[in-house]
Structure formats: C-alpha cells, structure tokens
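Q: I'll drop the sequence and a predicted model, then ask my questions.
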Amino acid sequence: MKNSDKRNKKLIYLIKLAFEPGLWFVLFMPVCTILLAQKPVASSWLTAQIFNRLQLAVEGTPNKALLYGAILYAVFIFGLDIAQWLLATASDLIENHWRERVNEKLQKMFMQKDYKGNIADHDDPDLVSRRSAAKNVDPVGILKSVISFISTFMASVSFLVLLWGFSPVMVFAAVLIKLPTFYFYDKTMKMNRKFKIDSGTLNREKDYFYRIPVSRPNAKEYKIFSMKGYVCDKYDEVMSRYLPFYKSYFTKMAVNNSVLMHYDRIVTIAAEIVIGISVFTGKMLFGEYTLFVAAFNNLAKSVEQIVDFVSQFKELQEQSGLLREYLESRNLYEDGEGCAREVGNVPHVIELADVSFTYPGTDREVLHGVNMTLAAGNTYGLVGLNGSGKSTLVNLLLRLYEPDQGEIRLDGVNIREYHIRSYYKAIACVFQNTGKYAMPIKDYIASGRQCDLPRAMAALGQVRLTDWCGGLKHGLDTMLTREFSSEDDSVEPSIGQWQKLSIARAIYKDAPIMILDEPSASLDVDSENEIFQYIRNLAVQRTAILISHRLSNVVECDHIFVLQEGRLVEEGSHQNLIGLGGVYSNLFESQAKYYKINGTID
C-alpha cells in the first residue's frame with residue numbers, strides 16, 4: 001500500500017508541473033479531447049443511418065423522404081468534420097503554447113538544479129544517464145495520456161452501448177480478446193525504459209565522436225593533426241558496441257509489434273464474419289452491419305488503448321519518479337543553503353585538519369592526512385608534480401567535494417556550517433581552463449550582475465587589457481565569442497586574453513580569499529610579472545593561494561606547501577625549502593635550467 005501511495009505521489013507531482021499555465025487553460029484540453037473522442041461514435045451512427053435509408057430506397061418503393069434523410073445525415077457528418085477540424089486546430093494551438101510554457105519552467109528548474117548540482121555527479125555515468133532520462137520527461141505528454149485515457153474510456157462506454165444492442169456476447173468478446181495485449185505492452189514499456197537508461201552512456205560516447213569534426217574548438221586540431229582516421233575508428237568502435245545492443249532491442253520490439261498487428265487483424269476479420277452472417281440471413285440492414293462492425297472495432301481498440309495506458313501507467317510513474325528524484329535530490333550546495341552561519345568580515349584563517357579524499361567510484365586515495373594553516377595577509381604557494389593532488393585540494397576548498405576524512409575550517413569553523421552563498425562570496429577563483437561564455441565583456445567581468453564600469457576598467461587595467469578593450473567597436477559591450485553575434489559586433493579572445501579576463505573577473509569580485517590555479521599558463525612574461533606583483537600586493541589584507549607547476553612563480557610567496565602523491569611532504573619559505581635539499585629543491589634546480597629567475601639557488 002505504501003509503494004502504491006509513493007507511486008501515485010510521483011504522478012501527482014508531475015501533473016502539478018503540467019498544470020503550470022493555469023487550471024482554466026489546461027481544462028480546455030480534456031474538454032476538446034473528450035469531444036473529439038465521441039466523434040467516431042456519432043459518425044458511425046450517422047453513417048449507418050445513411051446506408052439503411054439507401055438500402056430501403058433501393059430494395060423498397062422509391063421514397064424521397066428516405067433520400068432527403070440520407071442527405072441530411074450526410075450534412076450532419078460534414079458538420080461534425082468541420083467541428084472536429086476546428087476543435088483539433090484549437091487543441092493543437094493550445095497544446096503547443098501549453099507545452100512551451102511548461103518546458104520553459106522545467107528548463108529553468110533544470111538550470112537552477114544544475115547550478116547547485118554536485119561536481120561528483122558528473123563522474124558517475126549511470127547517474128548522468130538517469131538525469132538525462134529525467135530531462136527528457138514530457139509532463140504535457142504524460143498528462144495528455146491521462147486525458148486520452150479518460151476520453152477513450154468514455155468513448156468505449158458509448159460503443160459498448162451500441163454493440164450491446166446487437167449482442168452482449170460480442171461486447172464481452174471485444175473486451176476479453178484484448179486482454180492478452182497487456183502482456184506485450186507491459187513488456188514493451190519495460191524494454192523502452194531499460195534501453196534508454198542502459199544505452200545512455202553509449203549514446204553520449206557516440207555523439208561525442210560524431211561532433212568532434214564540427215566542434216569549433218576542435219576543428220583546427222582535427223584537420224591539422226589529421227585526426228580523421230582516429231576519430232572515425234573510435235566512432236566505429238563505439239558503434240560496434242552500440243549496434244548489437246540496438247539490434248537486440250529493436251528485434252524484440254519488432255517481434256512484439258508484429259504479433260500485436262497480426263493479432264488485431266485476425267480479430268477484426270473474425271468479428272466482421274460473425275456480424276456479417278446477420279446481414280445474409282436478413283436479420284440486419286447493411287447500415288446496421290457497418291455500425292456494429294465499427295462499434296466492435298472501436299470498442300476493441302478502446303480496450304486496447306486502455307490496456308496500453310494501464311501498462312504505461314507504471315512507466316509514467318517511473319518517468320515522474322526520475323524527474324522528481326532529480327529535482328528534489330539533495331546536494332552539497334543545497335545542504336549549504338540550509339546553514340545559517342555567515343562568513344564574517346574579518347581577516348580569514350583557513351585550516352585543513354587531517355584531510356583525506358578519494359574520488360567517487362575509484363579506490364585510489366588522492367589526498368592523505370593533509371594538514372595546513374593559511375593565515376590572512378599572506379600569499380601561499382601550492383606546488384607538486386601532476387597528479388600530486390593540487391587541483392583536488394582546491395576542489396575541496398571550494399566545497400565542490402566533501403573530504404572523506406578530516407575537516408576544512410574557516411576561522412575555526414567547519415566550512416560545512418557556513419551558508420554556501422556566503423562562503424562563495426568570500427572566495428574569488430581563477431581556473432587554468434577558464435570557461436568561455438557568450439556574453440558582453442562587462443557581464444563577464446561582473447559575473448552577470450550589474451556592472452560598475454569604472455571598477456571593471458580598473459580590473460582590466462590590472463591585467464593590461466584596457467587598450468585592447470578600448471580598441472573594440474563596442475568597448476565593454478562587445479560580445480565575447482561569435483556564438484550568436486557577427487564578427488563586427490563580437491570578439492574571439494586568444495587563450496591568453498581569456499586567461500587575463502578571468503583574472504580581471506577575480507580582481508573585480510574583490511573577495512578576501514583568492515585562489516589562482518595556474519593563472520599565468522597562457523600569459524606572456526611581462527603580463528605574468530605584473531600579475532604576480534599585483535597578487536603580492538593584494539595579499540596585504542587577504543589570503544592568496546597560488547597553484548603553479550612553474551616554481552619561479554612561487555619564489556616570493558610567504559609560505560609554500562609541497563604535495564607529493566597526495567601527501568604534504570614539505571612546507572616553508574622558498575629559502576627554507578631550498579636549504580632542506582628535498583623534493584622542492586630538486587624540482588627547483590631542475591626547472592632553473594630552463595627558466596631565468598631573480599635570485600640564486602642556495
């Protein structure tokens with residue numbers, strides 16, 4: 001009973017979404033659908049009257065009244081056709097508007113949910129497939145199925161009454177012969193649901209390789225490095241796994257559909273023969289024959305549609321469940337929204353206490369027992385070879401993941417206790433691979449908020465982009481990327497310019513904690529020196545964390561942490577670490593052969 005209530009709640013949840021445009025608006029749809037469903041009943045009865053009158057006129061004494069009656073009924077049928085066309089057209093127009101309204105709301109809900117979603121969820125292919133299936137749920141289509149079920153049931157009652165007048169046995173026959181189709185429909189629904197989820201990862205992989213040749217960021221490399229052979233081979237390899245899966249599914253579907261189609265045909269022929277006997281024995285007029293055959297076929301079809309809906313009902317509940325599971329699932333961000341503690345307006349101290357972490361779905365511990373203290377007013381360098389855990393540590397600081405062990409504290413308080421928006425407000429971050437957004441420069445710098453233009457220009461000046469921006473036709477209003485704008489109204493920044501823009505965005509935010517992950521990876525030497533000089537000045541009243549594989553960038557940091565295979569192996573100032581003659585010293589000496597730096601190696 002509890003499971004039944006739970007399933008019904010899922011469907012009710014989805015129906016509520018479908019009623020978003022308003023009750024009066026949505027109620028027009030069931031009224032139209034019910035009226036349209038009664039049209040075959042009326043048409044069958046009117047057609048029978050026409051045939052009966054024509055038969056009597058031919059076989060009996062010529063009678064103009066019979067002819068006029070037949071013509072009148074034909075006019076009624078024409079009027080029904082006109083009414084059907086008007087109702088169907090109105091219904092389609094309203095449905096399209098209804099669907100757009102609901103889809104608009106759902107897409108906004110998806111965008112808001114994705115914004116708050118866990119980064120870790122992207123590492124789980126099964127979860128990605130389930131959420132992809134959830135986003136393909138059509139609330140309007142599901143509600144229309146419910147409405148169609150109601151109208152079909154009402155139409156079946158009308159045909160049942162008509163057929164009962166000929167033979168109650170035929171009524172039971174029309175109902176009973178369709179019950180076996182329930183098994184096939186239920187089996188089909190299960191296969192559909194399983195195929196969508198199981199093939200999700202393969203479909204994404206197939207589409208990924210298919211899109212590479214037409215993807216703007218990849219197109220140049222695809223051509224210059226002659227990657228056609230590799231990409232096509234990978235596509236073929238994915239298809240070699242997908243096609244057997246696809247063929248198995250559609251073979252089973254074809255068998256099911258074929259059985260249902262031939263079963264329907266046999267039943268229809270049998271009914272026509274049984275009812276037709278009454279015509280040859282003189283017990284029934286030809287018009288009555290067409291009426292009862294139509295009544296039998298339509299009743300059987302209605303029963304089939306009802307059986308189909310009953311088998312789909314569980315599928316509709318499952319779809320609603322997927323959608324509700326996605327929209328109502330809790331995540332790190334939403335848990336953080338439930339916290340009342342705000343980050344104070346004070347110099348901040350960050351502490352990592354015995355922090356360990358393993359990425360979901362893997363066994364390798366990326367960080368192990370890391371302990372750090374970062375005080376305000378200092379710049380901190382975080383260095384280590386690739387795979388040492390630097391970026392993972394940043395992800396934990398940003399609350400994109402939760403530590404498996406230990407805790408991260410801000411001002412002595414576990415960061416999990418802070419309201420997450422307040423926590424994020426205190427942090428500005430520059431990532432190595434910055435996101436590229438199609439928006440005006442001023443919106444990019446202000447992160448989509450109202451832009452303080454003098455402050456934005458000052459931030460751009462810190463990264464030497466003032467002249468570049470001033471030379472653009474529309475200045476700060478110039479669109480970034482040519483995704484939606486012409487070449488005359490937009491600009492396609494270089495990799496280095498994107499990096500500078502992301503740094504300017506972090507400067508504009510003016511947060512007390514700044515995290516910079518390889519900020520100079522795409523900068524020229526002069527820009528690099530200016531950026532790091534700015535960072536050093538910035539840390540007078542702030543906490544600055546600099547992640548870099550180029551050790552010359554962290555030489556002047558107040559304190560340097562050295563990670564190796566997920567462990568904190570050394571820490572101290574540049575001079576102290578050189579004096580230790582350990583991991584940092586070896587890395588520095590190795591890089592000093594290739595980089596000219598200020599100072600000497602002690």
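A: Sure, I can see it.

Q: going forward, measure contacts between C-alpha atoms and count neighbours the same way
A: OK.

Q: Residue ranges in the stretch 151-300 of the chain under the pLDDT threshold?
A: Scanning the stretch 151-300 of the chain for pLDDT under 70 picks out 178-179, 181-183, 185, 214-226, 279.

Q: what ranges do the helices span in it?
A: Under the criterion DSSP state H, counting those that start in this stretch, helices of the stretch 151-300 of the chain are mapped to 168-176, 181-198, 200-211, 216-224, 228-280, 286-328.

Q: just checking, what packs against the fifth one?
A: Helices and strands touching helix 228-280, by 3 or more CA pairs under 8 Å, 6 or more residues apart in numbering; DSSP states H and E, are helix 181-198, helix 200-211, helix 286-328.

Q: before we move on, the earlier item: tell me which of the helices of the stretch 151-300 of the chain is the most buried.
A: Mean neighbour count (mean count of other CA atoms under 10 Å) peaks for helix 286-328 among the helices of the stretch 151-300 of the chain, with a mean of 21.

Q: CSV for the helices and strands packed on helix 228-280, including distance to residue 370?
A: Supplementary listing: the helices and strands packed on helix 228-280 in CSV, determined by distance: least, CA to CA, whole Å:
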stretch, distance to residue 370
helix 181-198, 39
helix 200-211, 35
helix 286-328, 34
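
Q: now for those, which one comes closest to residue 566?
A: Closest to residue 566 of those is helix 200-211 (CA to CA; 30.5 Å).

Q: helices and strands around the closest one, which ones?
A: helix 125-135, helix 228-280.

Q: among the ones you listed, which is nearest residue 49?
A: Of the helices and strands packed on helix 200-211, nearest to residue 49 by CA to CA is helix 228-280, at 15.4 Å.

Q: tell me the angle that closest one makes with helix 181-198.
A: Relative orientation of helix 228-280 versus helix 181-198 (axes from the mean of the first three to the mean of the last three CA atoms, to 10 degrees): 170 degrees.

Q: Distance to residue 47 added to the helices of the stretch 151-300 of the chain, as JSON lines?
A: Listed next are these as JSON lines, based on distance: least, CA to CA, whole Å:
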{"stretch": "helix 168-176", "distance to residue 47": "21"}
{"stretch": "helix 181-198", "distance to residue 47": "30"}
{"stretch": "helix 200-211", "distance to residue 47": "50"}
{"stretch": "helix 216-224", "distance to residue 47": "61"}
{"stretch": "helix 228-280", "distance to residue 47": "17"}
{"stretch": "helix 286-328", "distance to residue 47": "7"}
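
Q: quick one, which of those is nearest to residue 423?
A: Of all these, it is helix 286-328 that lies closest to residue 423, at 23.1 Å by CA to CA.

Q: gap between that closest one and the chain center?
A: 29 Å (CA atoms, centre = their mean, to the nearest Å).

Q: Same question for stretch 507-520.
A: 30 Å.

Q: Give the buried residues for that stretch.
A: 507-520 (16 or more other CA atoms under 10 Å).

Q: Mind checking the pLDDT average for it?
A: In this model, stretch 507-520 carries a mean pLDDT of 85.

Q: do the same with stretch 325-332
A: Rounded mean pLDDT across stretch 325-332 is 68.

Q: Show the pLDDT at residue 545.
A: pLDDT, residue 545: 90.

Q: same check, this time on residue 524
A: At residue 524, the pLDDT value in this model is 67.

Q: Quick check: residue 288 touching residue 50?
A: No. Under the criterion of CA atoms under 8 Å, residue 288 is not in contact with residue 50, lying 10.0 Å apart.

Q: who touches the closest residue in space to residue 419 that isn't next to it in sequence in this structure?
A: If the residues on either side of it in the chain are set aside, residue 419 comes closest to residue 339, at 4.6 Å by CA to CA, 6 or more residues apart in numbering. Applying CA atoms under 8 Å, 6 or more residues apart in numbering, we find residue 339 in contact with 416-420.

Q: Equivalent analysis for residue 242, please.
A: 199, 202-203.

Q: Near residue 59, how many other residues are there?
A: Counted with other CA atoms under 10 Å, residues neighbouring residue 59 total 9.

Q: if we can go back for a sec, what's the farthest-apart pair in the buried residues of stretch 507-520?
A: 512 and 520 (20.8 Å).

Q: how far away is residue 325 from residue 133?
A: Between residue 325 and residue 133 the computed distance is 11 Å (CA to CA, to the nearest Å).
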